[in-house]
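> sequence first, predicted model second:
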Amino acid sequence: MSYKDRLSDIKRDGSVSLTSQIVDAFAGAIADGELGPDDKLPPTRELAEIAGVNHLTAARAYRRLAELGLVTARVGQGTFVRVGAQGGAGAPAERENTDWQLYALPEQLETYGDRILAEMFRQAGRDDVIPLMVGYPADKLLPFDVLSAVTTATLSEHGSRVQQYTDIEGAPELREQIAALHRREGLSDGPDQIIVTTGARQGLTLATRAIVHPGDVAACESPTFPGSIEAIRNAGASILPVPVDDGGMDVDALESLLRRRDVRLVVFQPRLQNPTGRDLAPERRERLFELAQRYGFFILEDDVYGSLRFEGTATGPLRATLPSHVIYLSSLSKTVSPGMRLAWISASGPVLDRIVQEKRNDDMGSPTLTQLVAARFLAEGHYEPQIERSIAFYRERCDALIEAVESHLDRVATFVPPLGGGHLWLTFRDALDERDLYDAAVRQGVTFLPGGAMMPERPRATHIRLSFGYLDPDELAEGVRRLAVAVRAVRPRPRREALPIT
Ligand SMILES: Cc1ncc(COP(=O)(O)O)c(C=O)c1O
């Protein structure tokens, strides 16, 4: 009897479970050689139909066969007889075999932004490519000696307290120091309005989750930091992109969305935006405040790059003008230490309690030791000189990158000079396929961040982000030279075909 006949002849008298009968049918077919190494098994839906069982039972049977080392799942391809399954040779010991997990885990929902961020983390520290993609600050900028002395002093001051949980909202000393930092920016938040987060990335997650639920609508700038897009998507909200130009977010475009959709949250960076390095124009700021009050939505003001200004006059944070609607987010990552994973939110009103609740549910507080180290670092006055060093450091690299782009890519791409931050946003005059360009760049030994990963919608032109905070000026110049070789190797496509990597 073939295994398909056995499957269609399953007994329903309850003496042997349906799952076991399916498992036995396949195990028998493998043992008899009816199914050989690498033979494909029917997809679970087809198996469910043949055997007259529901889809979950079919999936459970494949999970059990995988646990037995008889079959293996290949992502996106299906389930196959494992090589060596007949004799048992080659199959891992049952207790070490993890194949079953692919049947037990939910369908993978990894997005383009997720994949690109993972790629960025893999590239830092590699010496076979020049990673213009990586948006880290360079190690040599970070104040290792100071942090090491501050850590020693913190350990001797606080002793075993550093090992203990601290307040969910953050260690009181650090919140005091952040409040003092805020006062210098014109923000009047007291320590009680501040919540310490594990990086601004967690801040994006917590604030977004506190405000939008599945089915709600949030808007964000396009292009933007991929983590902002992911935070909205992971909260289950629909995402509306708002275009950005050299005056920051296009507030007229936002208004036309507000007229049609019930937008609860707008996530954006009014100062030194990643990737454009531009500010929100003053007339747009005023208009945005009006709209927020008229339509009643929250603004999540991501100010991670706000202190890294080399050009133009700094305007204060939006929160200083409209604290009832604006939630402020900043971080120590781009200037002091991304490895400390320390950032903070300030907010007022009921949304503050909701964010604290999200923080409690997420990780019950950020690490005590790093918070106390950061508090001492700020209290001892190391922050301002570090910001000054950072500005000079980033500015020198920005100039080097712009010079290289002007000499090697001037004919093919345009940009608006950033006012600060860590990135340069290029737009190609002719549309290119992002994937072809990326592959050609890797062959030349250089990488960039593809524009499509920074936009929630399909881009209409080809853009790339080049970061300048991580590499030395000579590496930036060589990276751009290699990139120009890659661009020449890729043929322009008709405009409508400027597809992102999907
Ligand atoms: C605009 C923006 N927001 C948030 C983050 C996340 O920063 P953190 O390292 O503090 O999590 C980044 C990091 O690159 C960023 O560019």
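The structure has been received and is ready for your questions.

> quick one: name the residues of the protein near the ligand.
Within the chain, the positions near the ligand by C-beta under 6 Å from any ligand atom are 135, 199-201, 225, 227, 269, 274, 302, 304, 331, 333, 338, 343. In this view, the C-beta of every residue, glycine as well, is placed from N, C-alpha and C.

> can you redo these as CSV with secondary structure, pLDDT and distance to residue 162?
Below are those laid out as CSV (DSSP: H, G, I helix; E, B strand; the rest coil; pLDDT from 0 to 100; distance: C-beta to C-beta, whole Å):
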residue, secondary structure, pLDDT, distance to residue 162
135, coil, 93, 30
199, helix, 98, 20
200, helix, 98, 23
201, helix, 98, 24
225, coil, 96, 31
227, helix, 95, 29
269, coil, 98, 33
274, coil, 98, 33
302, strand, 98, 29
304, coil, 98, 26
331, strand, 98, 21
333, coil, 97, 21
338, helix, 97, 21
343, strand, 98, 20
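
> count the neighbours of the residue of the stretch 351-500 of the chain at minimum distance from the ligand for me.
Residue nearest to the ligand within the stretch 351-500 of the chain (C-beta to the nearest ligand atom): residue 422, separated by 7.8 Å. Using other C-beta atoms under 10 Å, residue 422 has 27 neighbouring residues.

> tell me how many other residues surround the nearest residue in space to it that is not next to it in sequence.
Nearest residue to residue 422 in three dimensions, chain neighbours excluded: residue 469, at 3.9 Å (C-beta to C-beta, 6 or more residues apart in numbering). Look at residue 469: counted by other C-beta under 10 Å, it has 22 neighbours.

> for this protein, what's the longest helix?
For the chain, the longest helix by residue count, based on DSSP state H, is helix 383-408.

> now it: average pLDDT?
Here helix 383-408 scores 97 as its mean pLDDT.

> now do stretch 67-82
Mean predicted lDDT for stretch 67-82 stands at 86.

> again with stretch 239-257
97.

> for the residue in the stretch 51-200 of the chain that the ligand sits nearest to, what are its contacts?
Going by C-beta to the nearest ligand atom, the ligand is nearest to residue 199 of the stretch 51-200 of the chain, at 2.7 Å. Applying C-beta atoms under 8 Å, 6 or more residues apart in numbering, we find residue 199 in contact with 331, 333, 338, 341, 342, 343.

> if we use 7 Å, what do you get?
Shown in contact with residue 199 (C-beta atoms under 7 Å, 6 or more residues apart in numbering): 331, 333, 341, 343.

> list just the nearest of the residues you listed to residue 315.
Checking these against residue 315 with C-beta to C-beta, the nearest one is residue 331 at 19.5 Å.

> tell me how many other residues crowd the closest one.
Using other C-beta under 10 Å, residue 331 has 24 neighbouring residues.

> so it touches residue 343, yeah?
Yes - judged on C-beta atoms under 7 Å, residue 331 makes contact with residue 343 at a distance of 3.5 Å.

> list residues touching both of those two?
Counting by C-beta under 7 Å, 6+ apart, the contacts common to residue 331 and residue 343 are 199, 200.

> that older thread, farthest-separated two in the contacts of residue 199?
For the contacts of residue 199, with distances taken as C-beta to C-beta, the pair at the greatest spread is 331 and 341 (8.9 Å).

> what element comes up after the strand ranked longest in the chain heading to the C-terminus?
In the chain, with assignment by DSSP state E, the single longest strand is strand 238-245. Remark: after strand 238-245, the chain's next helix or strand is strand 248-249, criterion DSSP states H and E.

> SS state for residue 459?
With DSSP: H, G, I helix; E, B strand; the rest coil as the basis, residue 459 sits in coil.

> still on that earlier bit, what's the spacing between the longest helix of the chain and its chain's center?
Relative to the chain's own centre, helix 383-408 is displaced by 24 Å; criterion: C-alpha atoms, centre = their mean, to the nearest Å.

> direction included, what does the next helix or strand after it pair up with?
For helix 383-408, the succeeding helix or strand toward the C-terminus, using DSSP H and E, is strand 413-414. Strand pairing for strand 413-414, determined by DSSP bridges: strand 423-428 (antiparallel).

> centre of the chain to the partner strand, how far?
From the chain centre to the centre of strand 423-428 is a distance of 19 Å (C-alpha atoms, centre = their mean).

> give me the below-cutoff pLDDT ranges for this protein.
Scanning the chain for pLDDT under 70 picks out 87-94, 107-110, 493-502.

> if you set the cut-off to 80 instead, what comes out?
Counting by pLDDT under 80, the ranges of the chain that qualify are 75-76, 85-97, 99-100, 102-103, 106-127, 491-502.

> find the centremost residue of it, please.
residue 227 (3.2 Å; C-alpha atoms, centre = their mean).

> any idea how far that residue is from residue 206?
13 Å (C-beta to C-beta, to the nearest Å).
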